[in-house]
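Asks: Sharing a sequence plus its predicted fold:
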Amino acid sequence: MREFEQLMSVESANKFIGHHRLAFLYISMTSCSVCHALQPQVQRLLTKYSDIQLATINAQEVPAVAGSFSVFTAPVLLLYVEGKEYIREARIVHLDLLDEKINKIYDLVTEPSSGGE
């Protein structure tokens with residue numbers, strides 16, 4: 001199973017988002033039981049989306065992440081397409097609905113171009 005890249009600063013998070021066409025950011029907190037329970041489930045869900053790059057950042061270890069990404073709770077799941085936020089889910093996440101949202105975007109973004117055949 002693919003692992004989440006561990007980010008240690010707001011700058012590294014912004015760089016991660018900017019360097020990947022499809023970037024998924026999982027913002028958690030050390031003392032958040034929901035964060036710890038949900039992350040492996042999200043990780044399993046995202047295995048079928050091989051073009052999405054995965055990263056996580058801990059808002060307790062990097063407090064500036066809260067202001068920079070307008071995070072008021074944890075966990076927060078963010079999907080960026082070419083640097084723009086397309087999906088934001090927070091705290092209580094319904095994985096089947098998240099999967100539907102990701103699938104729609106993923107199909108549009110990764111669909112092979114029909115080059116005038």
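Replies: Yep, it's here. Computed from a prediction, not measured in an experiment: that's the story for all the values here.
Asks: What's the mean pLDDT across stretch 41-61?
Replies: In this model, stretch 41-61 carries a mean pLDDT of 97.
Asks: For it, measure first residue to last.
Replies: When the termini of stretch 41-61 are compared using Cα to Cα, to the nearest Å, they are 23 Å apart.
Asks: again, but for stretch 57-65
Replies: This stretch, stretch 57-65, spans 8 Å end to end (Cα to Cα).
Asks: Name whatever forms a beta bridge with the most centrally placed residue in the chain.
Replies: The chain has residue 24 as the residue nearest its centroid, 2.4 Å off, counting by Cα atoms, centre = their mean. Taking DSSP bridges, one obtains residue 54, residue 79 as the residues bridged to residue 24.
Asks: With residue 88 instead?
Replies: Applying DSSP bridges to residue 88 gives these bridge partners: residue 78.
Asks: still on that earlier bit, now do the residue nearest to the centre of the chain against residue 31, distance only.
Replies: 23 Å (Cβ to Cβ, to the nearest Å). All C-beta atoms are positioned from the backbone trio N, CA, C, and that covers glycine.
Asks: got a list of what residue 66 touches?
Replies: Contact analysis of residue 66 by Cβ atoms under 8 Å, 6 or more residues apart in numbering lists 59, 72.
Asks: Just the pLDDT at it, thanks.
Replies: If you check residue 66, the pLDDT there is 94.
Asks: Give me the buried positions along the helix or strand harbouring it.
Replies: Secondary structure from DSSP states H and E places residue 66 in helix 64-68. Using 16 or more other Cβ atoms under 10 Å as the test for burial, helix 64-68 gives 65, 66, 68.
Asks: Just give the nearest non-adjacent residue to the first one, would you?
Replies: Read that as residue 65. Leaving aside its chain neighbours, residue 65 sits nearest to residue 59 (4.9 Å; criterion: Cβ to Cβ, 6 or more residues apart in numbering).
Asks: show me what contacts the one you found?
Replies: Residue 59 is in contact with 27, 28, 29, 65, 66, 71, 74, counting by Cβ under 8 Å, 6+ apart.
Asks: If anything else comes up later, I'll come back, but that's it for now.
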